[in-house]
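> how would this look folded up:
(2 chains)
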Amino acid sequence: MPHRTFFWFILPSLVAMMLFIFFPIVSVVIQSLYVEHEQVVITSENCGPFGCQTETTVDLEATQELRDAQPLGRFNGLGTYLNRGHLAVQELGKAWSESESFGDFWSKVMNLPFYWALAFTLTYTFVCTPMVLILGLAIALGVNGLPKLLRGPTIFFSLLPMIVTPLIGSLILFWMIDAEGIIGKSLQYLFDDPELSLKASPTLTWITLIIYGIWSSAPFAFVIFYAGLQTVPGETLEAAMIDGASRWERIRYVVIPHLAPLAVFVTLIQLMDNFRVFEPIIGFSAEASAQSLSYLIYNDLRGDIQRFGSAAATSMLTIIGVAILLSPVLIRTWRDFNRKRV
Amino acid sequence: MGNMKTLRLATLGTAFAALTATTAMASCPIESGSIRILSNEFGALRAVNAAAAECAADGVEVTLNQTTEHRDLQVAALTPTPAEYTSAVVANSSIVPLMNNGLIRPLDDLIAEYAPDLPKLNQVSVGGNVMAIAFMANAQHLYVRTDILEEVGKEIPTTYEEVLDALAAIKDAGIMDHPFAMNSKTGWNLGEEFINMYLGHGGSFFKDGTAEVSINNETGIKTLEMMAALNEYANPDFLTFDSNATGALWESGELAIAYMWGSRGGGILDEEGSTPEIVAATKLVAAPTVDGGDRPASTLWWDGFTISKNISDEDAAATFRAMVHGIGPATVEANQKEAVWLSPAYTPGAAAEGVAATAQAGAAPYPMLPYMGLLHTALGNELSAFLQGQESAEQALADVEAAYSEAAKEQGFLQ
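Take a look at the predicted model:
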């Protein structure tokens, strides 16, 4: 394709990408480098229905002058990235020098909000992604083996977890696993422990969230693999059967290699999605036991005072995290692509 | 924290009886201007907003945005000129960011012109300027089941030590395993519980006159220990409990003593969602004192309306008049059970007893400090590990101080 034609073809999506992805990210980078102005506070007598108090308020005029002088706020460089709420460089160093054992150091690191959230985010990502691939493939193979008449309804029901809005799905499960809910009560009965609560301990909450993650994402892998299965060449399968390959051997040596490019695609999407896990934490009210990077951003932007600088820094760290996660897969794809070209 | 005037909600009615006759000044219909209200979402505010909207004549624009997420919108929505909303309905805490950014206007002129008889009680003034008109009060306090207390031979507790004693008796008698609940969901709710209990212990949050936090002390540790002791009697899921969860537990009869918002009283005492036996035995009483203190471990809250700064004077006048009508006697009379109204038309019923008793016992108002919200958020985030038994009280408080200090530096309150 001539470069000129190519340029005109790609222009609309390029413009959209610049407007809706590139510039917002630039703006987030800039925000992450600044913090708010110094606030000038004054003492004032505040009165209301419950009497009078001497309290402090912000001196608007003085603060406004500072704002006009520097509209972006005070430049803080990488300060926000390195502070306790993010990479916590100083705190890490202190924890390292003061800790007597590695376990002690580890518990100090896990007490820092960013690393605590990162630990859950990574665990979630690295458990969910492979499980989703395996389960998705298993469902696809199962459905593919069904008689034609049953396939339609089975596909529909297998897709349900993905169709249900994540927040609604997690809320429904949240009520079911409640100590008074059907799953919660059954588990108490099963383990003969009336105090058993999936919501109370961090470990059980992590397991619950991960199971929910697999449940809600497996249909995505299933749909992709099921579509891939329709293109597996019949001749190759027949040839394998004539050679005496068992069902497992046919899957292992014919079907899986055929689906490999799709598996790379599903892995990429799942790594990205799982690294940004958010809705189940809200739906399951799991904030006490599990937080993710996306939850930290959300938390900074809620409430009476919004912390844009802090949220921006966490956002950038999340983007960097996604890039690091995806790089092995991308490098491999790039190599394969080059090899094929040669 | 300054001097407290005792508030007698029960006698409010007689004190301001004159008001009813004179609010006609702000009378409807409003012929010009525009009325755009942003507020929280619950029954009492819906009633106020609806009455304010009624006040507009045909052709006057009325927009109501009632959402529980109002706090996240308000600063961004009131910043542009003209502001997206002409009025934001706020509480002690959520008025602070609007004042920090200079987004609401003083109301003294509007009061002089349209509501000269508005009682001082309703006027929230900051440094001499009235910045909001308060119309209802709220506080967290105890809900008790008198039948269960009678069964174990205990009086209605007035201190947290007595609460623990009663809870132990209820558990020992085998009546309930988890007789207690408070709104202890990680986040804003949990932060609020600490603030209440800490004030009950007589603590102060900041070094005098500065934004420097000081809670990692003996008072802070006692506060956390009391919270942990109480939650020993709560369902192990307590870190997920918000008002909806505790309200439902109460109505289903699974609690004997709970610490909940007064504004839930109307719903809990009505005929829906519970059995007549539970409703009949439910009593709303003052928040208890703790550790020999004389101030109830609770904070007093008001809800009130503000008028945006970045709007035309015409819109400001229209909105002010509409809101004064909205909080007027007609709304209050038709919604007696929905709230503890700060209005002469209000006849306090059983649902208001807890808030009134808590206010009369001298509970402190929630501090209206520019950096209080940052401390509240830090408390809400950092205390769960302690309550799950995974870290010491000292460590939890040190974490709160570190998280707060970082946020306060970022926001320019600390150097």
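> Please enumerate the strands of the stretch 151-300 of chain B.
Ranges of strands in the stretch 151-300 of chain B, per DSSP state E, counting those that start in this stretch, are B:180-182, B:257-261, B:282-285, B:299-307.
> Could you save the ones you listed as CSV and add columns showing mean neighbour count and distance to chain A?
Using the backbone N, CA and C atoms, a C-beta is placed for each residue, glycine as well. Formatted as CSV, the strands of the stretch 151-300 of chain B follow (neighbours: other Cβ atoms under 10 Å in any protein chain shown; distance: least, Cβ to the nearest Cβ, whole Å):
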stretch, mean neighbour count, distance to chain A
strand B:180-182, 25, 13
strand B:257-261, 24, 16
strand B:282-285, 20, 19
strand B:299-307, 25, 5
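> Next, format the ones you listed as a markdown table and append mean pLDDT and distance to B:L164.
Listed next are the strands of the stretch 151-300 of chain B as a markdown table, based on pLDDT from 0 to 100; distance: least, Cβ to Cβ, whole Å:
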| stretch | mean pLDDT | distance to B:L164 |
| --- | --- | --- |
| strand B:180-182 | 97 | 9 |
| strand B:257-261 | 96 | 10 |
| strand B:282-285 | 96 | 16 |
| strand B:299-307 | 96 | 22 |
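> Tell me which of those approaches B:E232 most closely.
The minimum distance between B:E232 and the strands of the stretch 151-300 of chain B falls on strand B:180-182, with 8.5 Å, by Cβ to Cβ.
> how about the residues of the stretch 201-342 of chain A that lie near chain B?
Within reach of chain B by Cβ under 8 Å from any Cβ of the partner chain, the stretch 201-342 of chain A has these residues: A:201-202, A:285, A:287-289, A:299, A:301-307, A:309-310.
> Max pairwise distance over these: which two?
Distance extremes for these: the farthest pair is A:S201 and A:G309 at 34.2 Å, using Cβ to Cβ.
> Any chance of CSV for the strands of the stretch 151-300 of chain B, columns distance to A:I210?
CSV is the format used below for those (distance: least, Cβ to Cβ, whole Å):
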stretch, distance to A:I210
strand B:180-182, 29
strand B:257-261, 33
strand B:282-285, 41
strand B:299-307, 39
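> any idea how far the residue of the stretch 1-150 of chain A found nearest chain B is from A:L60?
In the stretch 1-150 of chain A, the residue found nearest to chain B is A:S44; the distance is 3.4 Å by Cβ to the nearest Cβ. Separation of A:S44 from A:L60 (Cβ to Cβ, to the nearest Å): 12 Å.
> right, quick check: the longest helix belonging to chain B against chain A, any contact?
When chain B is parsed with DSSP state H, its longest helix is helix B:393-410. Yes: legend: contact between helix B:393-410 and chain A by Cβ under 8 Å from any Cβ is shown at B:Q395, B:D399, B:A402, B:A403, B:E406, B:A407, B:K409, B:E410.
> Once you drop chain neighbours, what's closest to the third one?
For B:A402, ignoring the flanking residues on the chain, the nearest one in space by Cβ to Cβ, 6 or more residues apart in numbering or on different chains is A:R84 at 5.5 Å.
> ok but that neighbour is inside a strand, no?
No: with DSSP: H, G, I helix; E, B strand; the rest coil as the criterion, A:R84 is assigned coil and is not in a strand.
> tell me the phi and psi of B:F135?
The phi/psi pair for B:F135 (degrees, to the nearest 10) reads phi -130, psi -10.
> rewinding a little: neighbour-wise, which of A:S201 and A:G309 wins?
Set side by side, A:S201 and A:G309 show more neighbours around A:G309, with 23 against 16, by other Cβ atoms under 10 Å in any protein chain shown.
> and residue 251, how many neighbours does it have?
Looking at chain A here, since you left the chain open. A:I251 is flanked by 15 other residues according to other Cβ under 10 Å.
> Correction: the question concerned chain B.
Residues near B:E251, counting by other Cβ under 10 Å, number 20.
> residues in contact with it?
Shown in contact with B:E251 (Cβ atoms under 8 Å, 6 or more residues apart in numbering or on different chains): B:I268, B:G273, B:S274, B:I278.
> before we move on, what about B:K120?
B:K120 neighbours (Cβ under 8 Å, 6+ apart): A:C47.
> Can you tell me the centre-most residue of chain A?
A:R276 (1.9 Å; Cα atoms, centre = their mean).
> What residues sit buried inside the lengthiest helix in chain A?
If you go by DSSP H, chain A has its longest helix at helix A:308-341. Neighbour counts over helix A:308-341 (16 or more other Cβ atoms under 10 Å in any protein chain shown) mark A:308-318, A:321-322, A:325-326 as buried.
> the domain parsing of the chain - what is it?
By default, I'm working from chain A. Domain ranges of chain A: A:74-104, A:119-287, per automatic domain parsing.
> right idea, wrong chain: chain B
Domains of chain B are assigned by automatic domain parsing as B:2-137+B:300-348, B:139-298+B:366-410.
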